[in-house]
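A.B. asks: how does the following fold in three dimensions:
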Amino acid sequence: MTQVFREGVAATDPAYINLRDSDSDPARAARELTESLWLRYSPYADDHFLDCIPHEFDERFWEMYLTCSLLELGFDVHCPKPGPDILIEADGGRVWIEAVTPTSGALGHPDAIPEPQFGKAGRVPEEQILLRMRSAIQGKYETKYREYRDKGVIGPDDSYVVAVNGCQLHHAIADDYPPWIAKAVFPIGGLQVALDRESLEVAETSYQYRGVVEKCSGSSVSTDIFLDQDYRDLSGVLYSKVDAGNPTARMGDDFILVHNPLANMPLDAGLLGCGKELAVRVEGDHGVIEDTDWNSRA
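C.D. replies: Residues are numbered from 1 along each chain as shown. Okay, the predicted model is just below:
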């Protein structure tokens, strides 16, 4: 079988080139992981996978890792062409999954995520990160989902998930709680604390409402798409920041699955049974975050 890393390939992706050409132990481990995944993934890959991966390594690795993780979890997995990247069947229902790996944006663009300055204290650019995630989700939903729905590939009773990988987003390691992927689809702002006036003890904690993120141009982008009826066909989003050089001990432990409470075809609670799962229950004019850490239950 043809391998992923091949000498003589005119590659353009720095990650592919660095992993292929380095003799370091981490690079060898990353190559071994990639090739082992390829052995399992190859029957599901499109005909252009090996031609594309030297030029878009992280994107293609994410598709492969995601598919192999779902196989490892015991799902009945299909990758029909044409169609979204992955189709799984669970409890008699069909769930389509479209993978996307957003970048930090064009160098010099005012809304791009700036590179971290190592050795210097600085602010994590959360707004720019949310803009990149939000744009990736919107792009897949408004183009790919609509296209496949119009062609009848995705049926009216099928669920649809956008799987976002943040490995190319600068500062991704600084993600906090609630995770950025949740803040990209729910209007969740910063943590606020209410103190008792007399005792000065914490009386209540909550998160500020943030319905939009401002772009440098002055225009605003909504962060409440999971409260928007126009996105009711988006059942949820899945997030990971895994890459070939930074895998988890068990595949899927890195996943964060966020449910859309308004989805026409909602996802079953505990669908994946791995990683973390987050939902927001709407109560009147506010929401309650409910999360499950499946890793702690293992």
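
A.B. asks: low-confidence stretches in the stretch 151-298 of the chain?
C.D. replies: For the stretch 151-298 of the chain, the stretches with pLDDT under 70 are 196, 198, 200, 202-204, 284-285, 297-298.

A.B. asks: let me see the ranges of the helices in the stretch 151-298 of the chain.
C.D. replies: Using DSSP state H, counting those that start in this stretch, the helices of the stretch 151-298 of the chain run over 180-183.

A.B. asks: which residue ranges of it form strands?
C.D. replies: 159-165, 188-195, 202-209, 212-214, 220-222, 236-240, 256-259, 276-283, 286-293 (DSSP state E, counting those that start in this stretch).

A.B. asks: now those as TSV including distance to residue 181 and mean neighbour count?
C.D. replies: The C-beta positions use only the backbone N, C-alpha and C, and glycine is treated the same way. Formatted as TSV, these follow (distance: least, C-beta to C-beta, whole Å; neighbours: other C-beta atoms under 10 Å):
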stretch	distance to residue 181	mean neighbour count
strand 159-165	6	26
strand 188-195	11	12
strand 202-209	15	12
strand 212-214	14	15
strand 220-222	15	14
strand 236-240	4	25
strand 256-259	6	24
strand 276-283	8	18
strand 286-293	12	14
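
A.B. asks: dump those strands into TSV; add distance to residue 250 as well.
C.D. replies: Shown next, in TSV, are these (distance: least, C-beta to C-beta, whole Å):
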stretch	distance to residue 250
strand 159-165	17
strand 188-195	28
strand 202-209	30
strand 212-214	34
strand 220-222	35
strand 236-240	13
strand 256-259	15
strand 276-283	13
strand 286-293	14
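
A.B. asks: what average pLDDT does stretch 123-143 get?
C.D. replies: Averaged over stretch 123-143, pLDDT sits at 92.

A.B. asks: now do the buried residues in that stretch.
C.D. replies: By 16 or more other C-beta atoms under 10 Å, the buried positions in stretch 123-143 come out as 124-138, 140-141.

A.B. asks: mind listing which of those are in helices?
C.D. replies: Per DSSP state H, helices hold the following members of those: 126-138.

A.B. asks: what is the nearest of the residues you listed to residue 93?
C.D. replies: Within those, the smallest distance to residue 93 is 21.6 Å, found for residue 137 (C-beta to C-beta).

A.B. asks: hang on, isn't the closest one packed against residue 225?
C.D. replies: Yes - using C-beta atoms under 8 Å, residue 137 makes contact with residue 225 at a distance of 7.2 Å.

A.B. asks: where does pLDDT dip in the stretch 1-150 of the chain?
C.D. replies: Those would be 119-122, if you go by pLDDT under 70 across the stretch 1-150 of the chain.

A.B. asks: the helices in it, which residues?
C.D. replies: Counting by DSSP H, counting those that start in this stretch, residue ranges of the helices within the stretch 1-150 of the chain are 14-21, 25-41, 49-52, 57-72, 126-139, 146-150.

A.B. asks: now the angle from the first one to helix 57-72?
C.D. replies: To tie it back to what came earlier, the one meant is helix 14-21. Computed with axes from the mean of the first three to the mean of the last three C-alpha atoms, to 10 degrees, the direction of helix 14-21 lies at 80 degrees from that of helix 57-72.

A.B. asks: could you do the fifth one as well?
C.D. replies: Helix 126-139 and helix 57-72 meet at an angle of 70 degrees, taking the same axes, to 10 degrees as the criterion.

A.B. asks: ok, and what's touching helix 126-139?
C.D. replies: By C-beta atoms under 8 Å, 6 or more residues apart in numbering, the list of residues contacting helix 126-139 from outside reads 100, 102-105, 111-114, 162, 164, 166, 169, 171-172, 180-181, 183-185, 213-215, 221-223, 225, 234, 237.

A.B. asks: how much space is there between residue 135 and residue 156?
C.D. replies: 27 Å (C-beta to C-beta, to the nearest Å).

A.B. asks: show me what contacts residue 167?
C.D. replies: Here residue 167 is in contact with 58, 62, 101, 241, 242, 243, 246 (C-beta under 8 Å, 6+ apart).

A.B. asks: top of these by neighbour count?
C.D. replies: Highest neighbour count within the contacts of residue 167: residue 62, with 26 neighbours (other C-beta atoms under 10 Å).

A.B. asks: hmm, that one is touching residue 99, no?
C.D. replies: Yes - using C-beta under 8 Å, residue 62 is in contact with residue 99, at 5.4 Å.
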